[in-house]
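[1] here you go, sequence then predicted model.
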Amino acid sequence: MKNSKLVNRILFIIFLTNIPAFLTLLVFFKEGLSWILGSLISGINFWWMSREARKQFRLHQNQARLKGFKSFYFRYLVLVVYAVLVVILIKPNILVFGLGMLSAQLAIYINAAFQAIRTNKYFKE
């Protein structure tokens, strides 16, 4: 599978996890909003990381190392500032917000499990 297809599939899975959060906003507003805000920054961070990795693919080793170093710390600075602002201004459920911030990693595991099941010889017809 091409990298762009994988990134799009991961972002789609993250979007799918937001559907139940949107549907439960009327009943569990704080938890639903916490998940949405966490998964939003998680998806943006994952997309940003994949874009930066694609840009650095054809650079020389020293250039790629320096750009990767700068990109990594700038992305996580943005992530920390966003998280602090959300916690201070919106006061979400911290546990659900943190799990939402892990939604890209969860989506990667879900995709890997799906691919393993799909290619397993016992599940083929």
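    Sure, I can see it. Everything numeric in this text was worked out from a predicted model, so none of it was measured.
[2] is residue 27 in a helix, a strand, or coil?
    At residue 27 the chain is in coil, as set by DSSP: H, G, I helix; E, B strand; the rest coil.
[3] quick one: pLDDT of it?
    For residue 27, the model assigns a pLDDT of 93.
[4] okay, helices next: where are they in this structure?
    3-23, 29-55, 61-89, 94-101, 103-119 (DSSP state H).
[5] okay, these in TSV with mean neighbour count next?
    To be clear about C-beta, it is placed using only N, CA and C from the backbone, and glycine gets the same treatment. Compiled in TSV, the helices of the chain are given as follows (neighbours: other CB atoms under 10 Å):
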stretch	mean neighbour count
helix 3-23	15
helix 29-55	18
helix 61-89	12
helix 94-101	19
helix 103-119	14
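[6] any idea how far residue 12 is from the residue positioned nearest the centre of the chain?
    By CA atoms, centre = their mean, the chain has its centre lying nearest to residue 104, at 2.9 Å. To residue 12, residue 104 is 12 Å away according to CB to CB, to the nearest Å.
[7] what of residue 117?
    Counting by CB to CB - residue 117 and residue 12 are separated by 18 Å.
[8] swap in residue 111?
    Distance from residue 111 to residue 12, by CB to CB: 9 Å.
[9] joint contacts of these two?
    Counting by CB atoms under 8 Å, 6 or more residues apart in numbering, residue 111 and residue 12 have no shared contacts at all.
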